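Novice: got a predicted model here, sequence first, then my questions.
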Amino acid sequence: MFTYRTNGTCSRQIYFEVDENNKLHNVKFVGGCSGNLQGISRLVEGKDIDEVQKLLAGVLCRNNTSCPDQLSKAIAEYKNRVQA
């Protein structure tokens, strides 16, 4: 399970897993708008991490970021750490 501490959003952390085919699983947000974040988690389940990263990058809410944007940043950090 990969953990990412968010910045500038109501959610505080994001947890997720990536399988051997680079598919995203078990995305969980800590804090934030529960219904919206459950929806995002369901929509990205089983999707390719590169596709999700590209799709969500730059979605803005407040503080020049958003929970979806933070998920894209979490994926980028995952790729830098785990796939390096």
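Specialist: It's in.

Novice: give me the below-cutoff pLDDT ranges for this structure.
Specialist: Within the chain, the stretches with pLDDT under 70 are 83-84.

Novice: that one: helices as residue ranges?
Specialist: Using DSSP state H, the helices of the chain run over 34-44, 49-56, 67-82.

Novice: redo those helices as CSV? Include distance to residue 6 and mean neighbour count.
Specialist: For the C-beta atoms, the positions are set from N, CA and C on the backbone; glycine is no exception. Converted to CSV, those look like this (distance: least, CB to CB, whole Å; neighbours: other CB atoms under 10 Å):
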stretch, distance to residue 6, mean neighbour count
helix 34-44, 11, 15
helix 49-56, 13, 17
helix 67-82, 4, 18
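
Novice: out of those, nearest to residue 12?
Specialist: Nearest to residue 12 among those is helix 67-82 (10.1 Å), distances taken as CB to CB.

Novice: ok now that closest one, how far from the chain's centre?
Specialist: 6 Å (CA atoms, centre = their mean, to the nearest Å).

Novice: now do that helix and helix 34-44, the angle between them.
Specialist: Angle, helix 67-82 to helix 34-44, by axes from the mean of the first three to the mean of the last three CA atoms, to 10 degrees: 50 degrees.

Novice: quick one on the thing from earlier: in CSV: the helices of the chain, plus distance to residue 12.
Specialist: What follows is those, written out as CSV (distance: least, CB to CB, whole Å):
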stretch, distance to residue 12
helix 34-44, 11
helix 49-56, 18
helix 67-82, 10
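
Novice: for these, which one sits closest to residue 19?
Specialist: Set against residue 19 and scored by CB to CB, the helices of the chain come closest in helix 49-56, at 9.7 Å.

Novice: got the contact list for the closest one?
Specialist: Contact with helix 49-56 is made by 18, 22-24, 44, 68-69, 71-72, 75-76, 78-79, as judged by CB atoms under 8 Å, 6 or more residues apart in numbering.

Novice: now stretch 63-74
Specialist: Taking contacts as CB under 8 Å, 6+ apart, the residues outside stretch 63-74 that touch it are 2, 4, 6-11, 14, 16, 27, 29, 32-33, 36-37, 40, 44, 52-61.
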